[in-house]
Structure formats: structure tokens, C-alpha cells
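K.L.:
Let's see this in three dimensions:
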Amino acid sequence: MVDVWERPPGVKDWLVPREAVDAAVDRAHRRWTVREHVCDKSRWYDEFAEWAVRYGEPPLVEFPQTRPLMSTASVAFRSAVTQGAITHDGNPAIACHLGNAIATPHARGFFINKSSKHSARVIDLATATVMAHLRAIAPDLAGGRSVYETRAVIVV
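P.N.:
Residues are numbered from 1 along each chain as shown. Model prediction:
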């Protein structure tokens, strides 16, 4: 995880600082050799287009959060966790978001979701973790070949 932005407690009118997100993405691409930059471009169309021009495709890979794809990703992630195939470094923000996620039934099993549409208990980092995991283990299901196919370590 490079950074996270969350609505401050008690604040109703708040928007993710898009310029800060763009700056963090740029810092990450300058600091590391980014093999993949996976995201859902919904609500981020302009930034996605700019990042595609700036960084190329790949490393920019679209991962739409459709229910069938997120169900596949969620089921695979839970399986990996219960089988001990992945570990968690203890990052408190990721732990909080994973703890906030609930399993919503779907024809393909379930997908992670918020407890209600307007819940303040956010799950964005859980969603990103599940997306990154599926890209690592089954890239053909999530946008094509992954650079992680031959690696034994996944870092989110």
C-alpha cells in the first residue's frame, strides 16, 4: 500500500483529494519499478487515461469491480487465507478494512461488500487486496497475464 485517504470522522462533505492521489501514484512510479498498477477506472476515468499515457499499459491494468469478477476474486482470496497460502504484515488500515468487509452471496459464491451502502465502515483496502491477489494468481480472469505468475511473494 502506497497511501490511503479516508473521510475524517464527523465530516459529511468530503472528497478524495485527487491531486494527492495522482502525486502518490507518481511518487510510487518514480520510486519503484512498478510492474503493475491495477485499478478500477470507474469514477477515475480522467486519471486512468492520464496514467495510461504517463506509465503505459502495462503497467496500468484495468480491473472492473463487476460482481462476477469480484466474486471470483473474493472466493479465491478467502481460500488462500484459510489455507495459509498468504500472510498479512499487520498493516492496521488493511486489517480494519478487511474486518469491515462482509460476504454478500452471489451465484459464484460471494463477494466482499460493505454492511450497507451508506456504512461509514469502509472496505476500499480490502477490495484492493482482493483485486491484487486475483491478478497475482489468475491474471487471465482479471485482465490478462500478470507479472507475478512466476513469483512466490505478493505485496499489496
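K.L.:
tell me the helices in this structure, going along the chain?
P.N.:
Secondary structure of the chain by DSSP state H: the helices cover 18-31, 45-55, 67-82, 92-100, 124-137.
K.L.:
And the most centrally placed residue in the chain, how close does it get to V4?
P.N.:
The residue lying closest to the centre of the chain (Cα atoms, centre = their mean) is A128, at 1.4 Å. The gap separating A128 from V4 is 9 Å, by Cβ to Cβ, to the nearest Å. Every C-beta, even on glycine, is put in place using the N, C-alpha and C of the backbone.
K.L.:
How about R54?
P.N.:
Distance from R54 to V4, by Cβ to Cβ: 22 Å.
K.L.:
contacting residues around the nearest residue in space to I94 that is not next to it in sequence?
P.N.:
Spatial nearest neighbour of I94, excluding adjacent residues (Cβ to Cβ, 6 or more residues apart in numbering): L125 at 4.8 Å. Applying Cβ atoms under 8 Å, 6 or more residues apart in numbering to L125 gives the contacts 1, 4, 93-94, 96-98.
K.L.:
Quick check: the two most widely separated of those?
P.N.:
Greatest spacing in the contacts of L125, by Cβ to Cβ: V4 and L98 (13.1 Å).
K.L.:
These two: which has the busier surroundings?
P.N.:
Neighbours per residue (other Cβ atoms under 10 Å) separate V4 from L98, with L98 holding more: 19 against 15.
K.L.:
Just give the nearest non-adjacent residue to the more buried one, would you?
P.N.:
Leaving out its chain neighbours, the residue that sits closest to L98 by Cβ to Cβ, 6+ apart is A126, at 4.6 Å.
K.L.:
Isn't the one you found up against A95?
P.N.:
No: if you go by Cβ atoms under 8 Å, A126 and A95 don't touch, sitting 9.5 Å apart.
K.L.:
Neighbour count: those two, which is higher?
P.N.:
A126 (22 against 14).
K.L.:
pLDDT value on that one, please?
P.N.:
Looking at A126, its pLDDT stands at 96.
K.L.:
show me what contacts it?
P.N.:
By Cβ under 8 Å, 6+ apart, the contact list for A126 reads 94, 97-98, 100-101, 112.
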